[in-house]
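Colleague: coords please:
(chains A and B)
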There are 2 protein chains.
Amino acid sequence: MSDITNIALDAMGGDNAPAEMIKGAMDAIAKEPLMKVFLVGREDVIQKELANYQYNKEQIEVVNATEVIETAEPPVNAIRRKKDSSIVVGMKMVKEGKADAFVSAGSSGAILVGGQVLIGRIKGVERPPLAPLIPTEKGVTLLIDCGANVDARPSHLVQFAKMGSIYMEHVLGIQNPRVGIVNIGAEEEKGNALVKETFPLLKEEKGIHFIGSVEAREIPHGQADVVVCEAFAGNIILKLYEGVGAVLIQKVKEGMMTTLRSKIGALLIKPALKATLKTFDASEYGGAPLLGLNGLVVKTHGSAKAKEVSNTLTQCVTFKRQKINEKIKECIQSDGASVE
Amino acid sequence: MSDITNIALDAMGGDNAPAEMIKGAMDAIAKEPLMKVFLVGREDVIQKELANYQYNKEQIEVVNATEVIETAEPPVNAIRRKKDSSIVVGMKMVKEGKADAFVSAGSSGAILVGGQVLIGRIKGVERPPLAPLIPTEKGVTLLIDCGANVDARPSHLVQFAKMGSIYMEHVLGIQNPRVGIVNIGAEEEKGNALVKETFPLLKEEKGIHFIGSVEAREIPHGQADVVVCEAFAGNIILKLYEGVGAVLIQKVKEGMMTTLRSKIGALLIKPALKATLKTFDASEYGGAPLLGLNGLVVKTHGSAKAKEVSNTLTQCVTFKRQKINEKIKECIQSDGASVE
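Modeller: From the prediction side, this is the model:
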């Protein structure tokens, strides 16, 4: 029985819920027989959507939750008041051990607050970071933290480096992942106060492969596998990636449409271009785990479609099989200084 | 005589010096008769390059400086020791009133240090920010500060907003420029400690058109004309712009080269695409001024070519004609609290 990964999926969260959430679940269970997905949300809405599919009934269960937390709601209030929301109900399933993981495309704020309040941190973890995979020239890089803890302290960043290394090594299969700290120059003496304090701590840390400072320019080139930063900087990186990407692709499209000659050219290159740009699309790589909790919580993009949902569900299975939380526990707690 | 803008140009700084620096100067003086450019650097090298051109001898003067500050040199030491470097000699010309502006593609660190130490701040200006123009969907935005003052305080950011507004209004001609503060969410209660403290100050400030928080995702869409941030964040924004842009353009090129069909398409779209992407190329818009000094200092990209150099020289003329420093002085000093 313990071979099965039980995942609570927020069927109501995100721009494309419930249709794409449920389609993603269907794709994932078809590929992975040892996965069970609990679709959390309004039962009538979910059942209506499920009627469109043929699937193994043992792998899907609907869990009724009548409320929905909206993106604009103040997170702390929402978590406290909407006890029958898909986010609260799904997270409680993780807390109670009924699910190994909770996946949602809903309100980031509510997911971050709920993860800490409802599920709780692994003993010794000071701050759970949100860690999305971002596309690079060569593959993907883990950006940790991208939004959970603004104004973090050096000891938090050291824990991010450790947790991020475990995730990249055992979930993504990257041996001895290179860890870099986001900085404004390559030299050790560069940086703001936080980076200057954190740099020597990371350098001393034996369990990680620290390669030093990474300038923002080098992140898309894939200079490091784990990019450590405080959440304000991380959020800028994540969102600027999206913004610059969107505007540049728009410019390319405009460029292709300016002349008759270029329009014909556009038709010819379209399929090849689409395939290449897909390798630089963050949503291809699944959601962002909130690491360091007593269970797994993954936030997918608000605009997540079935593919991202399906990839995320599959990552949850790897996360459980590779015993990531046991590894985080061991790593954090072996460092006496960090244990509460 | 005072109608002429005198500019000291570092003929030795940057990857393409001296050839592109001198070509840029030639292009600029040909367009602007009321400009005189002092080419600062090794006289023999400069004269050899000048021999390739026909030009108005009254608009060009060579100022010998035998040393060159390398990019990797520790800036404070370099400024102190290399008294006959092109950066020190050029900046001293501004200090002594022989030049209105100094333009360099050389070491950022040396330019930032030299500007403050050799030229000095306008009375009342707490920290001079480096403010590049970055391309957006709609035009350009001033990113202020992108690297001069890490761990800045709220009062510094308020001055950045004021100086940036003056620059955009009077050098770029944007009426009532929209000022935004870089933040991790659109709501007022979001942000790190610095942003939370700065936000209400900007809101109260009467001389600027403050539009609130700007998420990094919205910067490339041109949501604000002046984007205010602390230098660590600004440096990340500037460099990630370059990094994501470079990798995406590379991906587009790869995509176009994958099949015979796409290769033919690529030939057809190339000219149109090149023209469109040019509008999203930062180097088209000239260098980054270091604002708030007793004179103008402009840092161009290390990779600057003639076009960027020429655009920068022309901006120096506008800066002088529009009396930007007088306007900054008036604006900063009218605010009693900020006067030293």
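Colleague: grab the nearest non-local neighbour of the residue of the stretch 1-150 of chain A found nearest chain B.
Modeller: For the stretch 1-150 of chain A, the residue closest to chain B is residue A:150, as judged by C-beta to the nearest C-beta, at 4.2 Å. C-beta here means a position set from N, CA and C on the backbone, and glycine is covered the same way. The shortest distance from residue A:150 to any residue that is not its chain neighbour, by C-beta to C-beta, 6 or more residues apart in numbering or on different chains, is 4.2 Å, and that residue is residue B:192.
Colleague: tell me who's in contact with that neighbour.
Modeller: By C-beta atoms under 8 Å, 6 or more residues apart in numbering or on different chains, the contact list for residue B:192 reads A:150, A:151, A:232, B:184.
Colleague: three-state assignment of the third one?
Modeller: Classification of residue A:232 by DSSP: H, G, I helix; E, B strand; the rest coil places it in helix.
Colleague: the strands in the stretch 1-150 of chain A, which residues?
Modeller: A:5-10, A:35-41, A:60-64, A:101-104, A:133-135, A:140-144 (DSSP state E, counting those that start in this stretch).
Colleague: most tightly surrounded among those?
Modeller: Mean neighbour count, computed with mean count of other C-beta atoms under 10 Å in any protein chain shown, is highest for strand A:101-104 among those, reaching a mean of 30.
Colleague: who does that strand pair up with?
Modeller: According to DSSP bridges, strand A:101-104 forms sheet pairs with strand A:5-10 (parallel), strand A:296-299 (parallel).
Colleague: residues making contact with the longest one?
Modeller: Okay, so that is strand A:5-10. Counting contacts by C-beta under 8 Å, 6+ apart, the residues outside strand A:5-10 that touch it are A:17, A:21, A:24-25, A:32, A:34-41, A:63, A:86-87, A:89-91, A:93-94, A:98-106, A:309, A:313, A:316-317, A:320-321.
Colleague: try it again at 7 Å.
Modeller: Contact with strand A:5-10 is made by A:21, A:25, A:34-41, A:86-87, A:90, A:93-94, A:98-106, A:313, A:316-317, A:320, as judged by C-beta atoms under 7 Å, 6 or more residues apart in numbering or on different chains.
Colleague: how about stretch A:297-312?
Modeller: Counting by C-beta under 7 Å, 6+ apart, stretch A:297-312 makes contact with A:14-16, A:20-21, A:23-25, A:27-28, A:71, A:101-105, A:108, A:111, A:115, A:119, A:130, A:283-290, A:316, all of which sit outside it.
Colleague: are any of those residues buried, and which?
Modeller: Neighbour-count burial within those applies to A:14, A:16, A:20-21, A:23-25, A:27-28, A:101-105, A:108, A:111, A:115, A:119, A:130, A:283, A:285-290, A:316; the criterion is 16 or more other C-beta atoms under 10 Å in any protein chain shown.
Colleague: which of those residues fall within helices?
Modeller: Under the assignment DSSP state H, the buried ones among the contacts of stretch A:297-312 contribute A:20, A:21, A:23, A:24, A:25, A:27, A:28, A:108, A:111, A:316 to helices.
Colleague: please identify which pair of these lies farthest apart.
Modeller: Looking at those by C-beta to C-beta, the two members farthest from one another are A:27 and A:108, with 24.1 Å of separation.
Colleague: in the worst-scoring helix or strand of chain A on mean pLDDT, what's buried?
Modeller: Comparing every helix and strand of chain A by mean pLDDT, DSSP states H and E singles out helix A:260-278 as the least confident one, with a mean of 86. With burial defined by 16+ other C-beta under 10 Å, the residues of helix A:260-278 counted as buried are A:262, A:265, A:266, A:268, A:269, A:272, A:273, A:276, A:277.
Colleague: list the helices and strands that helix packs on?
Modeller: The elements that helix A:260-278 packs onto, with contact taken as 3 or more C-beta pairs under 7 Å, 6 or more residues apart in numbering or on different chains; DSSP states H and E, are helix A:231-256, helix B:231-256, helix B:260-278.
Colleague: could I get those helices as a markdown table with distance to residue A:78?
Modeller: Putting the helices and strands packed on helix A:260-278 into a markdown table (distance: least, C-beta to C-beta, whole Å) gives the following:
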| stretch | distance to residue A:78 |
| --- | --- |
| helix A:231-256 | 20 |
| helix B:231-256 | 28 |
| helix B:260-278 | 43 |
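Colleague: out of these, flag the one nearest residue A:213.
Modeller: Comparison of these against residue A:213 by C-beta to C-beta identifies helix B:231-256 as nearest, at 11.8 Å.
Colleague: just the pLDDT for residue A:292.
Modeller: Turning to residue A:292, the model gives it a pLDDT of 96.
Colleague: so what's it up against?
Modeller: For residue A:292, the set of contacting residues under the criterion of C-beta under 7 Å, 6+ apart consists of A:121, A:122, A:125, A:128, A:163, A:328.
Colleague: residues contacting the residue minimising distance to the centre of chain A?
Modeller: Centroid check for chain A by C-alpha atoms, centre = their mean gives residue A:288 as the closest residue, at 0.3 Å. Contacts for residue A:288 (C-beta under 7 Å, 6+ apart) come out as A:130, A:131, A:132, A:146, A:298, A:299.
Colleague: TSV for these, including distance to residue A:227 and pLDDT?
Modeller: Written out in TSV, the entries for the contacts of residue A:288 read as follows (distance: C-beta to C-beta, whole Å; pLDDT from 0 to 100):
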residue	distance to residue A:227	pLDDT
A:130	13	95
A:131	10	96
A:132	10	93
A:146	10	92
A:298	19	97
A:299	18	95
